[in-house]
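[1] Turn this into a structure:
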Amino acid sequence: MKQKALWINQIKGLCICLVVIYHSVITFYPHLSGLQHPLSGLLAKCWVYFNLYLAPFRMPVFFFISGYLIRRYIDDVGWRVSFDKRIWSIVWVLALWGVLQWQALSHINAWLAPERELATSSNAAYAGSISEFIRGMLTASTSLWYLYALIVYFTLCKLLSRWKLPVLAVLASVVINFLPLPWWGMNSVVRNMIYYSLGAWYGAQLMEWMKGMVIRRYWLPIVAFGGISVVLWFANVPLLLSLLSILLIMKLFYSIEQRYAVHPNNLLNVVGSNTIAIYTTHRILIEGFSLFLIGELNGGNWPVWAELTLILVYPFVSLLVCTLFGLGARKVSSALFGDLFFAPPARLAPIEATR
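    Numbers count the residues shown, from 1 in each chain. Model (predicted):
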């Protein structure tokens, strides 16, 4: 990897870590009902709210970086090559891990929580039939909706690259907060398109502007913009706060790389190079962790000190285990299966007919 791209890769690493923490929190803390100590309940609520406040700093940055990194395919690469590299490769991973996740989560729930009532129509991973699974995948009702969004965003951004209509994406991002679609994943897809399209259409210009901007010279406008953004966020319009977070996070990581030597084997770089592996595998692990631990804590099987410790550190432990497992899965896939689990199989080159 080129040195100049390491800071971007570190941002990707940070974003996937925030995604793992997000899923760790929402599948665990809201379902705890038998905690023994009042402080445990308070810590659980703190994690839930902290997770909520991270929303503007998580997927918007991830999507902007994703759009920025594919801008060459938008402007200079034809549809045939783009389909192979930017559409089919993601469709393969989405379909494969959609099935693997569906089967894994169904069996985990049947094993650890057979009495649990699953909303089979709300998430493809909990589908009760093949038709429900297909419907969930087609409507982005899946924990893998990020991959679904990448396919839709790339296709639309390439089709509209001549006209570049970010205003429509802005309107969609705002309107969807007040007039949501029936599918939770599709709402997220619509809401985040603006960030990907900005990266794909204007990423190069925005990056150059960000690199030359001196934050301390504009601290007052930034603070004012931040104040307005927070007010709008509480009014269910997170767009401005998300745009500000993209700017500040990119400036922070770029400045750190300019000041300090960043090694390619830096932890965030390694994680950022394996976001797909961590993204596709972590949800299965988290389901198993949460179902087992929820049963243990709600049953009062742990001493108070162990309960408090787990409530405090669970997202970090989950992040560590999921990250190591994802990295290990990528190595095994590459070594034994030609990376089949995270990249489509290489198609046989056509053989010219001989006389």
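[2] Just the helices from the stretch 1-150 of the chain, written as ranges.
    Assigned helices in the stretch 1-150 of the chain, in chain order: 6-26, 38-53, 59-69, 71-75, 79-82, 89-112, 130-138, 145-159 (criterion: DSSP state H, counting those that start in this stretch).
[3] Can you say which of these is packed in most?
    Comparing the helices of the stretch 1-150 of the chain by mean neighbour count (mean count of other Cβ atoms under 10 Å), helix 59-69 comes out on top with a mean of 24. Where C-beta positions appear, they are placed from N, C-alpha and C, glycine not excepted.
[4] what is the orientation angle of that one with helix 145-159?
    40 degrees (axes from the mean of the first three to the mean of the last three Cα atoms, to 10 degrees).
[5] about what we covered before: let me have the helices of the stretch 1-150 of the chain in CSV, adding distance to Ala224 and mean pLDDT as columns.
    Formatted as CSV, these follow (distance: least, Cβ to Cβ, whole Å; pLDDT from 0 to 100):
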stretch, distance to Ala224, mean pLDDT
helix 6-26, 25, 94
helix 38-53, 20, 93
helix 59-69, 20, 95
helix 71-75, 31, 92
helix 79-82, 41, 92
helix 89-112, 39, 95
helix 130-138, 43, 95
helix 145-159, 31, 96
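[6] Ala149 and Arg80: what is the separation?
    23 Å (Cβ to Cβ, to the nearest Å).
[7] again with Leu144
    26 Å.
[8] Also Pro38?
    The gap separating Pro38 from Arg80 is 62 Å, by Cβ to Cβ.
[9] again with Ile90
    Counting by Cβ to Cβ - Ile90 and Arg80 are separated by 16 Å.
[10] try Leu267
    In terms of Cβ to Cβ, Leu267 sits 38 Å off from Arg80.
[11] for Leu336, same thing?
    For Leu336 relative to Arg80 (Cβ to Cβ), the value is 31 Å.
[12] For His263, grab phi and psi.
    phi -90, psi 140 (degrees, to the nearest 10).
[13] contacting residues around it?
    By Cβ atoms under 8 Å, 6 or more residues apart in numbering, the residues touching His263 are Asn269.
[14] okay, now the nearest residue to Ser106 once chain neighbours are set aside: neighbour count?
    Distances taken as Cβ to Cβ, 6 or more residues apart in numbering put Tyr126 closest to Ser106, at 7.2 Å, once the chain neighbours are dropped. Tyr126 is flanked by 21 other residues according to other Cβ atoms under 10 Å.
[15] pLDDT at Tyr126, what is it?
    What the model reports as pLDDT for Tyr126 is 92.
[16] again with Asp76
    90.
[17] okay, now it: neighbour count?
    Residues near Asp76, counting by other Cβ under 10 Å: 9.
[18] and what of the one 10 residues further on?
    Around Arg86 there are 19 other residues, counting by other Cβ under 10 Å.
[19] who touches Val152 in this structure?
    Val189, Met193.
[20] Against Pro60, how distant is Leu244?
    Leu244 is 10 Å from Pro60, by Cβ to Cβ.
[21] ok, now Phe337?
    In terms of Cβ to Cβ, Phe337 sits 34 Å off from Pro60.
[22] now do Met137
    Met137 is 24 Å from Pro60, by Cβ to Cβ.
[23] quick one, what contacts Ala113?
    Contacts of Ala113 by Cβ under 8 Å, 6+ apart are Leu291, Ile294, Gly295.
[24] ChimeraX command for the buried members of those?
    This is how ChimeraX selects the buried members of those, with burial counted by 16 or more other Cβ atoms under 10 Å:
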select :291,294
